[in-house]
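Enquirer: I would like the atomic coordinates for the input below:
(chains A and B)
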Amino acid sequence: MTATATATVIAPAAEAAPALRDTRPLRLITCGSVDDGKSTLIGRLLWDTKAVKEDQAAALNRDSGKQNDLGLPDFALLLDGLQAEREQGITIDVAYRYFATDKRSFIVADTPGHEQYTRNMATGASTADLAVLLVDARAGILEQTRRHATIATLMGIKQFVLAINKIDLINYDKARFDELSREFKEIALSLGVKQVTAIPVSALKGENVVYDGKASMPWYEGPTLVEVLELATVRSAQTVGFRLPVQRVSRPGESFRGYQGTVAGGAVKPGDSVVILPSGMVANVKQIVTFDLVRNAAVAGDAITLVLDRQVDVARGDMIATIDAQPQVGLAFDAQLVALQPGGIEPGKRYWLKSGSRRQRVSVQPSSILDLKSGKWNRHDGALPMNAIGKVHLSFDEAAIFDAYELNRTTGAFILIDPDTNNTVAGGMIAGKRGDVGGLNNEAERVILSLPADLADKILASGILSERRDEIDIRRTNPGRAAELLGELDS
Amino acid sequence: MHISEFDAHTQDKQVKPPLDPHLKALENEAIHIFREVAAEFERPVMLYSIGKDSSVLLHLARKAFYPGRIPFPLLHIDTGWKFPEMISFRDEMAKRFDLDLVVHTNPRGAKENISPFTHGSALHTDIMKTEALRQALDAGQYDAAFGGARRDEEASRAKERIYSFRTPDHKWDPRNQRPELWNVYNGMIRRGESVRAFPLSNWTEVDIWRYIQAENIPLPPLYYAAKRKFVERDGMLMWAEDKRFEALPGEQVQEDYIRFRTLGCWPLTGAIKSHATTLDDVIAELEIATVSERQGRAIDRDQAGSMEKKKREGYF
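Expert: Numbering: from 1, shown residues only, chains lettered A, B, ... in the order given. Below you'll find the predicted structure:
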């Protein structure tokens, strides 16, 4: 834009509308506390991308009567939408913010940094593709930073930005920036995270957020925060095959029967052989019907109606999957979960479990609990209190259908609902089906391998292993923990 | 491929380019929510307020259940103060898409002669919208109600869930909402309780307009500029063609090209001066707009936290 004249009335823009964005929206979560300048950072993102309109800013100024030194509105007020928060001055829940650049649009899950952050962070992180961890350059990496990174990793986030804020308050000190980014990269590596970008930022002055900070930090040649977000990848889940959790059966007339749902992994086209789980019946795809046209393919994320070539019994809660790489079906699974409510998660209690469109009864037995301070799992078979992260065994009355969360963030995720209150009490991630280790085939010798994840994925994709997937137990962990476990076996 | 017997919409179908991935993702999410609610609840209903968001919502509902019909009724809360063009548009849509339309007006309106002019916008909205909505939801025994609210509209909406739990008296408790993870929605309720479901939660105003353009969705003509009569009152351009309109002393009825960014009760909905007579013009205007769409809505400005208060009481 080169126009410099200011217009006082709204008039049609002379230039052509900007080109359509060709990317899906990026979902991100921001972690950090008020003291780190989180509200200022998000406010800055919204302000500099023009997501805040004049009347909203005017309302802010009217409500608070205060502005900061730069004549900008108080960003915290912009974000803390609820009256209760305005009264208490704290953020109490997950809020969602929207902004866009010419290249992409963004959905920010804004979660509080203080109390109950585990529960709120887990909620915000569940749908996020990327986490922005915010630290105050003066305070450095805190225990809190490590906790946030641990929770984000558990929830399946693989891309991190470390925003080292208030860099202006340490005189744009490059040495300090280098020291903090090095320190964080070590933490990230121990969590198995490889994609980390550290950025020196002044949210208050708007440096390296949307606009660059070259004037103050000529030594920094990396991207701004927004540039990183524009280039980040949206999760394309799903190294496993085609999955369609059936939401409803469409029968508008005698001659049509279609299965409606959102593709949760892989792709499908007419002619493909599929299996209906848990029944195990087999059919071929006849048509993929949508409102716009009869399609010749559908991919993960598409909401479709599938027509099969024969009469089979399919109901809501069933899963239609590729025949070659099927999800696991069983009565016992291992999972990690985050306890979300004051009552915690009680051992042996029967909950409702909902995953995709499938809801069934389950009983939960905790086996260990995560010490967020050290990152270590400690043996624990009692109740999991609110905000605790635990490993649990799930036992079902009827067959359950899952993929490991590592492999599919949709078919590997679930929530627990307390039948007494109907409230959502936990969010969980499937580790895998509980194998027969120590069970039926306990006379057979077993081998434990520890190998790089990329290699493991390749081997698992091979026919010889995928055929006997049910007999294999897989856990993913970091190199340090793997060495520790193997050490235990040796001793 | 033989599904044309269900294909009621083919007459108006035309070849159009595929949606851009951003809108496609939003559309997929909305369809998923529609299907999930329709499958999990016994008596869903869709709030239909005739505006652009409702028009998008209706279009998405048709897509979600195609080739079947929309498996629930649409409910319009008519305050008696809507623009006549809204009502005729509503009836045309109901006919064209074979909709099951329920219209409810709070009988207190006629009995007590409720008017936004004499009773004020707050009381009018409270009785003719919020109370009327509660009456209609109770009468229909609906256990789920779709609404077109978006999180980007207003601060208190930013924390709204996609499935928003309501007590038997339709109250919303923002401090005690159910956590919502991934796209796994908790639809478990007791008798009398209900859920408001918001398929457009993650859409922004720009998304709505781009989608309307891409999908060629019909809108009431009020969104487009035309020569209309109006007065300037309290910083708002008020439409002045209804027979109940009375100019205040000193007010001058003007006539010029104006249009509306949102639609509601005409005494509470401000117009903007504009020459945007096509969708392209409207979108071009939007991209350089510096004020939000709700700026024209009197209800948001009455007091700080105004929307949150209304929502707690059962407003959408």
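
Enquirer: Just give the nearest non-adjacent residue to residue 207, would you?
Expert: I went with chain A, as the question did not name one. A:Gly213 (3.1 Å; Cβ to Cβ, 6 or more residues apart in numbering or on different chains). All C-beta spots, glycine's among them, are computed from the backbone N, C-alpha and C.

Enquirer: oops, I was thinking of chain B
Expert: B:Leu26 (6.0 Å).

Enquirer: What helices and strands are in contact with the helix or strand harbouring the one you found?
Expert: In this assignment (DSSP states H and E), B:Leu26 forms part of helix B:21-40. Other helices and strands packing on helix B:21-40, by 3 or more Cβ pairs under 8 Å, 6 or more residues apart in numbering or on different chains; DSSP states H and E, are strand A:248-253, strand A:256-262, strand A:303-308, helix B:52-65, strand B:144-146, strand B:194-197, helix B:205-215.

Enquirer: May I see these arranged in a markdown table, with distance to B:Arg261 and mean neighbour count as well?
Expert: Shown next, in a markdown table, are the helices and strands packed on helix B:21-40 (distance: least, Cβ to Cβ, whole Å; neighbours: other Cβ atoms under 10 Å in any protein chain shown):
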| stretch | distance to B:Arg261 | mean neighbour count |
| --- | --- | --- |
| strand A:248-253 | 36 | 16 |
| strand A:256-262 | 32 | 23 |
| strand A:303-308 | 29 | 23 |
| helix B:52-65 | 9 | 23 |
| strand B:144-146 | 22 | 27 |
| strand B:194-197 | 24 | 24 |
| helix B:205-215 | 8 | 20 |
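
Enquirer: could those go into CSV alongside mean pLDDT and distance to A:Lys269?
Expert: Output for the helices and strands packed on helix B:21-40, formatted as CSV (pLDDT from 0 to 100; distance: least, Cβ to Cβ, whole Å):
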stretch, mean pLDDT, distance to A:Lys269
strand A:248-253, 93, 20
strand A:256-262, 96, 16
strand A:303-308, 96, 11
helix B:52-65, 97, 21
strand B:144-146, 97, 32
strand B:194-197, 96, 32
helix B:205-215, 92, 25
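
Enquirer: And the strands in the stretch 201-316 of chain B, which stretches?
Expert: For the stretch 201-316 of chain B, strands defined by DSSP state E, counting those that start in this stretch occupy the ranges B:226-233, B:236-239, B:254-260, B:271-273.

Enquirer: Determine if any part of the longest one is in contact with chain A.
Expert: What that stands for is strand B:226-233. No - Strand B:226-233 lies out of reach of chain A by Cβ under 8 Å from any Cβ of the partner chain, never closer than 14.3 Å.

Enquirer: In chain B, what helix or strand scores lowest on average pLDDT?
Expert: Least confident helix or strand, chain B: helix B:298-301 with a mean of 49, by mean pLDDT, DSSP states H and E.

Enquirer: I figured the residue nearest to B:Asp207 hits B:Ala214, correct?
Expert: No - taking contacts as Cβ atoms under 8 Å, B:Leu26 lies outside contact range of B:Ala214: 11.1 Å.

Enquirer: low-confidence ranges in the stretch 101-250 of chain B?
Expert: Applying pLDDT under 70 to the stretch 101-250 of chain B flags residues B:155-156.

Enquirer: Helices of that one, residue ranges please.
Expert: Here the stretch 101-250 of chain B has its helices, by DSSP state H, counting those that start in this stretch, at B:108-111, B:116-125, B:132-140, B:205-215.
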